[in-house]
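Asks: sharing a model that was predicted from the sequence below.
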Amino acid sequence: HTAAREFSSRLDDLTPMRTFVREMCQSEGVEPLPVRWHYQLELAVNEAASNVMRHGLNGADDQPIGMEAEVYDDRIVLRILH
């Protein structure tokens, strides 16, 4: 299945972004992954999103950042859009 959420470019929104990733990792239809992989994926998204906030948006905290997830039997595809 697919899901999409919109967040703000505030650093405080990194927590709900990680929650979104965790929810996608645990959603129905996803091959069970070791918990440490969930954390690694959350960390990767956290780093990518914070780079977008700091460098792509020059620290502006009032911009929208979209996140899309596509969940397949054997993988999860995440996109960060700004």
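Replies: Received the coordinates, thanks. Numbers count the residues shown, from 1 in each chain.
Asks: element containing the closest residue to residue 81 other than its chain neighbours?
Replies: In space, residue 81 comes closest to residue 66 once its chain neighbours are excluded; the distance is 3.8 Å by C-beta to C-beta, 6 or more residues apart in numbering. Placement of C-beta: from N, CA and C, glycine included. Assigned by DSSP states H and E, residue 66 belongs to strand 64-71.
Asks: contacts for that strand, please.
Replies: 1-9, 13, 17, 20-21, 24, 27, 29-30, 45, 49, 52-53, 76-82 (C-beta atoms under 8 Å, 6 or more residues apart in numbering).
Asks: buried residues in the very next helix or strand once past it, which are they?
Replies: Secondary structure here is assigned by DSSP H and E; on that basis, the next helix or strand after strand 64-71 toward the C-terminus is strand 76-81. By neighbour count on 16 or more other C-beta atoms under 10 Å, the buried set for strand 76-81 is 76, 78, 80.
Asks: which one of those is nearest residue 58?
Replies: Each of the buried residues of strand 76-81 was scored against residue 58 by C-beta to C-beta, and residue 80 proved nearest at 16.3 Å.
Asks: and the pLDDT at the closest one?
Replies: Per-residue confidence at residue 80 stands at 97 (pLDDT).
Asks: hmm, it is touching residue 44, no?
Replies: No. Proximity of residue 80 to residue 44 does not meet the contact threshold set by C-beta atoms under 8 Å, at 10.4 Å.
Asks: return the member of the buried residues of strand 76-81 nearest to residue 62.
Replies: Within those, distances to residue 62 taken as C-beta to C-beta reach their minimum at residue 80, with 17.3 Å.
Asks: show me what that closest one is bridged to.
Replies: residue 67 (DSSP bridges).
Asks: ok, it - contacts?
Replies: 45, 48, 49, 52, 65, 66, 67 are the contacts of residue 80 under C-beta under 8 Å, 6+ apart.
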